[in-house]
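# coords below, sequence missing:
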């Protein structure tokens, strides 16, 4: 295959891999967003129930039995909401990384890579070339290295 066609095929393959990654990311963030909305609604419903119960009991001059359980339920839902919002934020922050040059066929990265340990050898995410400490761009292919 002539070099031009080979380069074109690699570009098309990379674009297709990136499109698949973005579609999966969108699906995941939409599902998480839906779960966040449901938890927010459950919290609002629980708070409304607390309010109604307090108003009813107060108007009857009764103490507030069951109120502690309601408050605990709201607190539990709030923790679930915080966790889900953090997961949603992490999913929205994911970025596509082309690993074809270094590892074979391109595959979307499922998680944002952690920062390398101090003194760890870094390699270009595009071509796999060894990078100098603090390098902003790959000396072989020019890819930005973060």
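Great, that's in hand. Not measured: the values here are computed from a predicted model.
# SS state for the most centrally placed residue in the chain?
The central residue of the chain, meaning the one whose C-alpha is nearest the mean C-alpha position (C-alpha atoms, centre = their mean), is residue 91 at 1.2 Å. For residue 91, the secondary-structure state derived from DSSP: H, G, I helix; E, B strand; the rest coil is helix.
# for residue 36, see how far away it is.
11 Å (C-beta to C-beta, to the nearest Å). For every residue, glycine as well, the C-beta is placed using N, CA and C.
# does the residue nearest to the centre of the chain touch residue 26 like I think?
No - applying C-beta atoms under 8 Å, one finds residue 91 not in contact with residue 26, separated by 9.7 Å.
# residues contacting residue 77?
Neighbouring residues of residue 77 by C-beta atoms under 8 Å, 6 or more residues apart in numbering: 39, 42-43, 46.
# which stretches of the chain have low pLDDT?
Counting by pLDDT under 70, the chain contains low-confidence ranges at 1, 100-120, 146.
# distance of the residue nearest to the centre of the chain from residue 35?
For residue 91, the distance to residue 35 equals 11 Å [C-beta to C-beta].
# mind giving me the domain split of this protein?
For the chain, the domain assignment from automatic domain parsing gives the residue ranges 3-99, 114-146.
# got the buried residues for the last one?
So that's domain 114-146. If you call a residue buried by 16 or more other C-beta atoms under 10 Å, then domain 114-146 has these buried ones: 122, 124-126, 129, 131, 138, 143, 145.
# equivalent analysis for stretch 74-85, please.
Under the neighbour-count criterion of 16+ other C-beta under 10 Å, stretch 74-85 has 74, 77, 80-81, 84-85 buried.
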